[in-house]
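Asks: Below are the sequence and a predicted model for it; my questions follow.
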Amino acid sequence: MSILLFLLWLLLNGRLTLEIVVIGAGVTALLIAFMSRFMGWSPRRERDILRCLPLFLLYLLNLLWETVKAAATVLLVALTPSMHPEPVLVEFHSGLPREYQNVILANSITLTPGTITVFQEGDHFLVHALRREYAEGLNRSSFVLLLRKFP
């Protein structure tokens, strides 16, 4: 976090001088002290987040891939006269224990073309899908499998 805040300081200043570097280091130190005192931030928590970064990047790549696949499928439904949308509401339980995992899953489902998360409470989901096959197996999807690996 310290590095990101310092780089943001440098980026917003637009030039690099000794004065800007020294003041930026001081402002960064004050922000870190404030975050530690009032927002519960700690170097341990930062280390834990950095440890999860490769998994998070893998999740983002998976989300991008699934979005492209779903967009192609929805485009096929839209352009093929014989394929008609058959909207359906599907309920399922994700089995994910933490709230943030379920929220990420709900948002990922909504970002994927052809599906929308209508309701999510805990690990209980109600999903609207353009066709039934789009919503089948959501509780075993690649999203859920990757989210289970998050601490």
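Replies: Structure received.
Asks: Now do the contacts for Val103.
Replies: By C-beta atoms under 8 Å, 6 or more residues apart in numbering, the residues touching Val103 are Gln120. Placement of C-beta: from N, CA and C, glycine included.
Asks: separation between it and Leu96?
Replies: The spacing between Val103 and Leu96, counted by C-beta to C-beta, to the nearest Å, is 10 Å.
Asks: Packing partners of the helix or strand hosting Phe56?
Replies: Phe56 is part of helix 43-79 when elements are defined by DSSP states H and E. Helices and strands touching helix 43-79, by 3 or more C-beta pairs under 8 Å, 6 or more residues apart in numbering; DSSP states H and E, are helix 99-111, helix 142-147.
Asks: Could you find the closest non-adjacent residue to the most centrally placed residue in the chain?
Replies: Centrality entry for the chain: nearest residue to the mean C-alpha point is Ile104, 5.2 Å, by C-alpha atoms, centre = their mean. If you skip the residues right next to it in sequence, Ile104 has Leu147 as its closest partner in space, 6.2 Å away by C-beta to C-beta, 6 or more residues apart in numbering.
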